[in-house]
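Enquirer: Let me see the structure of the following:
(4 chains)
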Number of protein chains: 2
Amino acid sequence: MSKASDSAYATIREMIVSGALAPGDPVREEALAEICGVSRTPIREAMRRLESDMLIQRSESQRSFVSEWSLDDIEDAYELRALLEGVAAHRACKVITGEQVAELKAINARLGQAIARQPADIEGFLAANRDFHALILSVVGSARLEALLQSLIEAPIVWRTAHHYSEDELGRSHHEHEELIAAFDRGDENWATTIMEGHIRRAFHVYADAHRSLTGFDDELVKRSA
Amino acid sequence: MSKASDSAYATIREMIVSGALAPGDPVREEALAEICGVSRTPIREAMRRLESDMLIQRSESQRSFVSEWSLDDIEDAYELRALLEGVAAHRACKVITGEQVAELKAINARLGQAIARQPADIEGFLAANRDFHALILSVVGSARLEALLQSLIEAPIVWRTAHHYSEDELGRSHHEHEELIAAFDRGDENWATTIMEGHIRRAFHVYADAHRSLTGFDDELVKRSA
DNA sequence: GCGGTCCATATTGTATACAAAATGCATTCG
DNA sequence: CGAATGCATTTTGTATACAATATGGACCGC
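Expert: Residues are numbered from 1 along each chain as shown, chains lettered A, B, ... in the order given. Modelled structure (predicted):
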């Protein structure tokens, strides 16, 4: 998409993710237009995209608000993601080439290097992790599946900045990726599926634990969305 | 959404579904603005929605075209839909109330009446079928799942008008719905899941057969999308 | 004739002005 | 005092004008 609309999207999104716009806050076009330094037109486009990402919701009277996610909502997103990434792993297993497996190994090696640092390079870890999952999706070659997963992957990012990984958890991710590669190597589709599903589900629980400790087990801080 | 943008969406969508806009055709904002009798602004909004429905694609230079779907693409959509509706059935089984089951029975009775007519009331069948699946989704209460399924359900409609159901197939749908209700009644989640998955998969094959006979087994008429 | 560059045109992107609708508040009536 | 109504203000929706960019073809040099 075009420059103004794109940068507005990135800016607003970052404001939501960072918390500058808190869940429940109203999102007004004119205010954002000033902040982003563009007119309302590209702002509206950006807001529609954020709406389809489910980061923004609209009231019955067309006013927009930052979405409020309960832990249950996020669990739902993770569960659906586990299901769909499981399918992706299953399908990838059938068509992946040796060269692509080698690429996965290289990416996971990068991931390993990132977590071996002291302190661990979380940004590097996240980047490698994104690349790993993205490569599997591109191997599958289903634009449809890719589109479905997009919104699911983006959802929990709202809490990303508050999310602290332990050494253990980082290492486990690395190891699970290795197992996945082994399943691809051997062409065992069902193994690949179950590893991937477990991988995503574990990620949810790591997330949920962090979330609970941050919110003092008080889920009322994050209200249910409609 | 608002009136102009909504009606534009409906109009353009109908043009695509009916074939007035054929797969691969360029979709120009100004031309549609004239047709819909509104300015380009609401047309642009409508086009973004159609784009996220994957009914429209954009070239690298921001020009829009009606999406071209191969049978493989449609099979992909059906397969993902089977998976997700299977999950919906599974979840619904756990929370559905007796009252809601009664509603499902009523809807399926309507469906039965529609197909009992001579000739069968296809529109009535489709409406009841939509209601049946929509009610199950609403029972589950996952906005996320609902959103994911939306685009999958809409996809094959492009070919709807060309789609002829046989008496047998209509009856089978009715019967599968009854089975699903029985699974809900008994609270057998896995049964519900497998019935639903089979139900959607069968729908694909009915569709695929019609598609093949219409295209004379020549899939080249429907090119691969990017 | 072939390839490339430049320009006219077509198309999309953005800004702004105006219209429609909703919200909140004040006022008034019961 | 409470509820309802009407008005001022805020916010979103739409139209239009203008800017930026892409496309296609003509023209020129080779």
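Enquirer: Going by C-alpha atoms from here, please, whenever you check contacts or count neighbours.
Expert: Noted.
Enquirer: At which residues are the strands of chain A located?
Expert: A:26-27, A:56-58, A:64-66 (DSSP state E).
Enquirer: which bits of chain A sit near DNA strand D?
Expert: By the criterion of CA under 7 Å from any atom of the strand, the positions of chain A lying close to DNA strand D are A:V27, A:R28, A:E29, A:E30, A:T41, A:Q62, A:R63, A:S64.
Enquirer: Which one of those residues is nearest to DNA strand C?
Expert: The shortest approach to DNA strand C among the residues of chain A next to DNA strand D belongs to A:T41, at 5.0 Å (CA to the nearest atom of the strand).
Enquirer: so what pLDDT did the most centrally placed residue in chain A get?
Expert: By CA atoms, centre = their mean, the mean C-alpha position of chain A lies nearest to A:I153, the distance being 2.9 Å. According to the predicted model, the pLDDT of A:I153 comes to 87.
Enquirer: list the contacts for it?
Expert: With contact set as CA atoms under 8 Å, 6 or more residues apart in numbering or on different chains, A:I153 has these partners: A:R81.
Enquirer: any chance you could map the helices in chain A?
Expert: A:3-18, A:29-36, A:40-52, A:71-95, A:98-116, A:122-140, A:143-154, A:167-186, A:189-214 (DSSP state H).
Enquirer: one step back: would you turn the strands of chain A into a markdown table with mean neighbour count and mean pLDDT?
Expert: Converted to a markdown table, these look like this (neighbours: other CA atoms under 10 Å in any protein chain shown; pLDDT from 0 to 100):
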| stretch | mean neighbour count | mean pLDDT |
| --- | --- | --- |
| strand A:26-27 | 17 | 96 |
| strand A:56-58 | 21 | 95 |
| strand A:64-66 | 20 | 96 |
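Enquirer: now these as a markdown table including distance to DNA strand C?
Expert: Output for those, formatted as a markdown table (distance: least, CA to the nearest atom of the strand, whole Å):
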| stretch | distance to DNA strand C |
| --- | --- |
| strand A:26-27 | 11 |
| strand A:56-58 | 10 |
| strand A:64-66 | 10 |
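Enquirer: Burial check on the residue of chain A found nearest chain B, number of neighbours?
Expert: Nearest to chain B in chain A, going by CA to the nearest CA, is A:L148, at a distance of 6.2 Å. Counted by other CA atoms under 10 Å in any protein chain shown, the residues lying close to A:L148 total 19.
Enquirer: if we can go back for a sec, pull up the gap between the residue nearest to the centre of chain A and A:G24, please.
Expert: When distance is defined by CA to CA, to the nearest Å, A:I153 is 21 Å away from A:G24.
Enquirer: How about A:Y78?
Expert: Using CA to CA, one gets 22 Å for the distance from A:Y78 to A:G24.
Enquirer: Counting neighbours, go ahead and name the busier of these two.
Expert: When A:Y78 and A:G24 are compared for neighbours, A:Y78 comes out ahead with 23 against 17, by other CA under 10 Å.
Enquirer: I'd say that one and A:F204 touch.
Expert: Yes: taking CA atoms under 8 Å as the definition, A:Y78 is a contact partner of A:F204 at 6.2 Å.
Enquirer: Please report the distance of the closest residue in space to A:V38 that isn't next to it in sequence from A:I43.
Expert: Leaving aside its sequence neighbours, A:V38 sits nearest to A:A4 (CA to CA, 6 or more residues apart in numbering or on different chains; 6.7 Å). Distance, A:A4 to A:I43, using CA to CA: 8 Å.
Enquirer: same question, A:V206
Expert: A:V206 is 35 Å from A:I43, by CA to CA.
Enquirer: who has more neighbours, the two?
Expert: A:I43 (27 against 16).
Enquirer: Of the strands of chain A, which is nearest B:A89?
Expert: Closest of the strands of chain A to B:A89 is strand A:56-58, at 26.4 Å (criterion: CA to CA).
Enquirer: ok, residues contacting the closest one?
Expert: With contacts defined as CA under 8 Å, 6+ apart, strand A:56-58 is touched by A:M47, A:L50, A:E51, A:S64, A:F65, A:V66, A:S67.
Enquirer: cutoff 7 Å now
Expert: By CA atoms under 7 Å, 6 or more residues apart in numbering or on different chains, the residues outside strand A:56-58 that reach it are A:L50, A:E51, A:S64, A:F65, A:V66, A:S67.
Enquirer: correct me, but the fourth one touches A:P26?
Expert: Yes: checked against CA atoms under 7 Å, the pair A:F65 and A:P26 is within contact range at 4.3 Å.
Enquirer: remind me which residues of chain A are low pLDDT?
Expert: A:1-2, A:156, A:158-163, A:215-226 (pLDDT under 70).
Enquirer: Domains of it: list them as residue ranges, please.
Expert: For chain A, the structural domains run A:3-66, A:71-220, going by automatic domain parsing.
Enquirer: Now render those as JSON lines, adding distance to B:R117.
Expert: As requested, those are arranged in JSON lines below (distance: least, CA to CA, whole Å):
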{"stretch": "domain A:3-66", "distance to B:R117": "39"}
{"stretch": "domain A:71-220", "distance to B:R117": "37"}
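Enquirer: where does chain A come near chain B, residue by residue?
Expert: Counting by CA under 7 Å from any CA of the partner chain, chain A comes close to chain B at A:A77, A:R144, A:L148.
Enquirer: which one among the residues you listed gets closest to A:Q100?
Expert: Ranking those by separation from A:Q100, with CA to CA as the measure, puts A:R144 on top at 21.1 Å.
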